[in-house]
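# Fold the following for me, if possible:
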Amino acid sequence: MHDLTDLLVRAQKKDTQAYGQIVKCLQDISVGYGYSLLRDFHLAEDAAQEAFLEAYDILPRLQVLETFPGLLRKIVHKHCDRLTRGGRRYRFMSAGVAIESTAFASDLNPEEQTEEQEMKQLIREAMESLSRQEREIVSMFYISDHSQKEIAAFLEISVHTVKNRLRSARKRLKERLLIVVEENLQQSRPSKDERFADSVRRIIAPSQEQDTESIYDLLEKKLQRPDMAFQARHGRIADSHYDWITSRIALDGDELAAHIGIYEIRLRLGIAQVRVAGINVDYPNPHHDEGRDLFDQAIEAAMEAMCAHGYDLSIVRTTDLDVYGPHGYVSVMPFAVSYTIKAEDLPTELPDVQLREIDLNDVHSYPGVAKLYNRENEGVSMTAVRPTYPHGKCPTQPGEYGPAFLLLDENEKLVGYFSDPLVYNAEHNNRIEVTDSAGDPEQRLRILGQIARQYKGCQEVDFFNLPHGSALARYLRQLGFSGVVGKGRLEGHIPMRIVNLNSTLEHMVDEFTRRLRMTGQAAWSGALRITVADQTAFLMVDKGTVAVVDPVETAHTIEGGQEMARLLVGTDTPDKVVTESEIQLKGDSERLIHALFPPLHPVLPNEYL
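Have a look, this model is predicted:
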């Protein structure tokens, strides 16, 4: 291990070339350490790659540079632990590598494939015969060119201890086995080619200090979207719920080839809150030859990061399944649902509240607005905890005054708001559009009636993507209005996928308990196994109380692919979701799904993502 001090100093300033050299220096020892814990080279590479990405984020805050190798080891260990606990959901592997691996496998005849499997089994048994400490030393020593002193520094133990463990391991392994293990480790070292280092160096988390201008430049110049670039600078990325640690950019040298923006959303499902990675402002560089391929790799890297950083679900602000379908996303909700009221059907009574104009860019950061929204929507499924965009998702440009409105009572206490400029829009069928508001539903309709009558051409008011269980949506349905799924440019469905089934269910146990008791299923007791693709979790129900437990034998199962996300967010009735998604039910699960997964009629309001 070379002296990394100069490289670390440069890398602390987000010098990606310097960090690439650090990756090259430490890649073998890191993967070797991961292999000693996981006994799987692909998984070890996944863990090491994610560890390098996380360490890159931490590096600017590291005060003692000499501790970096030990810090990296601890991060590798954390990601290995996540994988062994079932947290791994994605394989960070480019399409080219996957194709290359498949092609290599297909070149082997049946006899050679059998020999290869026997050799792998022999190596596994040899490594299993060692203690954990011996396995660590053997894996790191034979996979890399690092000295015993360097291995000691990485493990933060003495050189004497390394020597003793290596001597002990050699005694356990017969000479032939030792040669086989050494050859296998040498053949599997990531430094044999540039693939591992390139994937870490090219796809990283963006630096708020170093990469923001490149992201804005991608929007403004490469994509010819100056409006989007302005929004990003003034609230859509800057000073928002944009997650700088989990978002990913793909670089080719100093050029930005792709960007995947991740936004942290705390989404309510009844009384539960789940952590959702929302994807938006996600684009490849159209002028880069590899932009599309690197974009797909950046999506995979972002999904690894979501899993590593504790997300439960992921949702994308798009209707394009051609892009995200191959990554496991499925359609879960309509892109647009609108409640439309004709102007003549709005109340004629004057409102009992005062209306105060406020700049559109300031309404979400106004004291009490986020608190008011959260209080009104507590326990309402498919609503997000505010604030999300403190300056609005689409801040107005200088000279474009966007009037929003605060609703105040007689004591000038905040009791509601409209974050939209309530302006009649002749280009959109002579309507006023409302995307975000709070307060007493009757008072809101009175205000809209007053404003609509000011515009002679205004024919209707359109409420866009109201959460189904919100106070206003319920009130409108009581008046006889219903939500209509969008057509034309608003047609399509928004995709979602489950990132971590176990953590999602853990966050929902109190809500599941509530649902069982509300639907008369509290008397049921037993275990329920839920499987989503390669993830499995177990719920234990005891006298109506639900808990996530370790694996147990049970005859009651729900099994499906990522389409199970539709059950979780209540896309439709459970029967319809099960039939359309080919979900398999056994035992009492057919009865339980009606209690656990009721229809929620999900939509994604604009101010969430």
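
# Tell me how many other residues crowd the closest residue to Val76 other than its chain neighbours.
Nearest residue to Val76, sequence neighbours excluded (Cβ to Cβ, 6 or more residues apart in numbering): Ala51, at 4.3 Å. C-beta coordinates here come from the backbone N, C-alpha and C atoms, glycine included. Counted by other Cβ atoms under 10 Å, the residues lying close to Ala51 total 27.

# Hmm, Leu71 and Ala51 touching each other?
No: at 9.6 Å, Ala51 does not count as touching Leu71 under the criterion of Cβ atoms under 8 Å.

# Now the element after the helix or strand that contains the residue nearest to Val76, going C-ward?
Using DSSP states H and E, Ala51 sits in helix 41-58. Moving toward the C-terminus from helix 41-58, the next helix or strand (DSSP H and E) is helix 68-84.

# Restrict that following helix to CA atoms and write it as CSV.
Extracted in CSV, the C-alpha atoms of helix 68-84 (Å, rounded to 0.1, in the frame of the first residue of the first chain):
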residue,chain,number,x,y,z
PHE,A,68,-8.6,6.1,5.9
PRO,A,69,-7.7,2.4,5.2
GLY,A,70,-9.2,1.4,8.6
LEU,A,71,-12.3,3.5,8.0
LEU,A,72,-12.7,1.9,4.5
ARG,A,73,-12.5,-1.5,6.1
LYS,A,74,-15.3,-0.6,8.5
ILE,A,75,-17.5,0.6,5.7
VAL,A,76,-16.9,-2.5,3.7
HIS,A,77,-17.8,-4.6,6.8
LYS,A,78,-21.1,-2.6,7.1
HIS,A,79,-22.1,-3.3,3.5
CYS,A,80,-21.1,-6.9,3.8
ASP,A,81,-23.3,-7.1,6.9
ARG,A,82,-26.2,-5.6,5.0
LEU,A,83,-25.8,-8.2,2.2
THR,A,84,-25.7,-11.1,4.6
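
# what's the offset of that helix from the middle of its chain?
21 Å (Cα atoms, centre = their mean, to the nearest Å).

# now the angle from that helix to helix 41-58?
130 degrees (axes from the mean of the first three to the mean of the last three Cα atoms, to 10 degrees).

# quick one on the thing from earlier: so what does the helix holding Ala51 touch, helix or strand wise?
Counting contacts by 3 or more Cβ pairs under 8 Å, 6 or more residues apart in numbering; DSSP states H and E, helix 41-58 is packed against helix 16-38, helix 68-84, helix 195-202, strand 203-204, helix 291-308.

# pLDDT of that helix, averaged?
Helix 41-58 shows a mean pLDDT of 87.

# Same check on stretch 508-522?
If you average the pLDDT values across stretch 508-522, you get 95.

# cool, stretch 28-37 as well?
The model assigns stretch 28-37 a mean pLDDT of 91.

# again with stretch 194-201
In the prediction, stretch 194-201 has an average pLDDT of 77.

# Give the buried residues for that stretch.
Within stretch 194-201, the residues that qualify as buried are Phe196, Ala197, Ser199, Val200, Arg201, counting by 16 or more other Cβ atoms under 10 Å.

# hmm, back to that, relative to Lys222, which of the helices and strands packed on helix 41-58 is closest?
Evaluated over the helices and strands packed on helix 41-58, closeness to Lys222 peaks at helix 291-308, with 9.0 Å, by Cβ to Cβ.

# Packing partners of that closest one?
helix 41-58, helix 68-84, helix 95-107, helix 195-202, strand 203-204, strand 248-252, strand 255-269, strand 272-284.

# So which of these is the most surrounded?
Neighbour counts (mean count of other Cβ atoms under 10 Å) averaged over each of those peak at strand 203-204, with a mean of 26.

# quick one: contacts of that one?
Thr16, Leu53, Tyr56, Arg248, Ile249, Ala250, Leu251, Leu294, Gln297, Ala298, Ala301 (Cβ atoms under 8 Å, 6 or more residues apart in numbering).

# My understanding was that Val353 contacts Asp409; is that so?
Yes: using Cβ under 8 Å, Val353 is in contact with Asp409, at 6.0 Å.

# joint contacts of those two?
Val415.

# More neighbours: which of the two?
With neighbours defined as other Cβ under 10 Å, Val353 and Asp409 compare such that Val353 has more, 21 against 13.

# quick one: low-confidence ranges for the stretch 301-450 of the chain?
401, 423-429 (pLDDT under 70).

# Would you map the helices across it?
321-324, 369-376, 441-452 (DSSP state H, counting those that start in this stretch).

# thinking again about what came up before, just put the helices and strands packed on helix 291-308 in a markdown table and tack on distance to Ala232.
Below are these laid out as a markdown table (distance: least, Cβ to Cβ, whole Å):
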| stretch | distance to Ala232 |
| --- | --- |
| helix 41-58 | 21 |
| helix 68-84 | 30 |
| helix 95-107 | 29 |
| helix 195-202 | 22 |
| strand 203-204 | 19 |
| strand 248-252 | 13 |
| strand 255-269 | 9 |
| strand 272-284 | 7 |
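
# Worst mean pLDDT among these?
Looking at the helices and strands packed on helix 291-308, the bottom one is helix 95-107 with a mean of 37.
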